[in-house]
Each structure stands twice: as structure tokens, then as C-alpha cells.
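Trainee: okay, sequence plus prediction incoming.
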Amino acid sequence: MQPPPSNLNALAVAANDSAVERTNDRPDTALHWTFLGISAVVVLLAVLLRVRGEEQVIIPGIGIPLPGTCTFKEFVGADCPGCGLTRCFVSMGHGQLERAWHFNPVGIVFFAIVASQIPFRAIQLWRLKYRAAEIRLGWWGYSTMVLVLAALLVQWIVRLIIRFA
């Protein structure tokens, strides 16, 4: 004997809900590979590129400078919150902490976060390969990024005040 139609609907909804739960709990290896790849490329570029003077990042060997990309600075005439991040990252890639600080102090922390993604994501992928649970940072990871973004904004405001005072 078959259950009444209302029970069929309830069973279908319950089965659908548990399927959604299972897919949400499944680890996303593509996300870890993406973060690992992007972080590795950023750190590698930081090591390979060079800073010439105060404004130029050049490609070594051929000496061609990368184009300036700050549209905000072009139109407004003042630095944006992210100005100096590329030069800071390149300076960090060469171990020049003082120069990195000069270009963008918050960039040092941001670079550390990007560089730390390499071992973190590699460990995550290793754990998933051997069916171990992912390490979950929860609110701590998100809070760190919010604090870095807030620090970029505060630093920008302080620099504008100093520049125009």
C-alpha cells in the first residue's frame, strides 16, 4: 500500500533538504586550488618584479615598467586606499620591510595573509585528499580580512590628512 500523497510530498522535501545539506558540507577543492594558485602567482611575481624609484614596477631583464593602474589617482589627483600595494608586495618579495612600509604599511599584513595562503591551502588539499576534515577558520578568517580593509581605509584617511594639512 502506498502512502497518501501528502506523505510523498513530505518525504520528497525531506530528501531534498538532506541532499542540500550534504552538498553544503562537501569540501570545495576547487576553491582551495584557486586560492593556492592565485597566492603562489602573487608571491612569485613579488619576487620576480622590481621597483624602480618611487613609482615604477618593472619587469626585470627587459626593463619595461608596468602601466600605472590607479584610475582614482588619475581622476582625483590623490592616492586611493590601495595605492602602493603592488610596490609594497614587490618590496616584501625582496625582503625590504622598510621600503614596503613606506609604500603601504597595511600592505605588509596583507602580503603576509596572501603568502600564508600557500601553506594553508596546501595543507587543506592534503587533508581532503586523505579524507580528513577541513580546518575551518570561521569568523576569525573573515574578521581578519575586514580588519585589513578597515586598516587600509584608516591609513588612507590619515595619509590624506597629513598630505593636505
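Mentor: Yes, it's here.

Trainee: just the buried positions in stretch 71-88, please.
Mentor: Residues of stretch 71-88 classed as buried under the neighbour-count rule (16 or more other C-beta atoms under 10 Å) are 79, 81-88. Every C-beta, even on glycine, is put in place using the N, C-alpha and C of the backbone.

Trainee: same deal with stretch 128-138?
Mentor: Result for stretch 128-138 [16+ other C-beta under 10 Å]: buried residues L128.

Trainee: stretch 27-47 now?
Mentor: 32, 35-36, 39-40, 42-43, 45-46.

Trainee: and if you look at stretch 150-163?
Mentor: Applying 16+ other C-beta under 10 Å to stretch 150-163 flags 151-152, 155-156, 159 as buried.

Trainee: find the least confident helix or strand in the protein, judged by mean pLDDT.
Mentor: Scoring the helices and strands of the chain by mean pLDDT, DSSP states H and E places helix 5-25 at the bottom, with a mean of 50.

Trainee: helix, strand, or coil at Q155?
Mentor: helix (DSSP: H, G, I helix; E, B strand; the rest coil).

Trainee: nice, that's everything, thank you.
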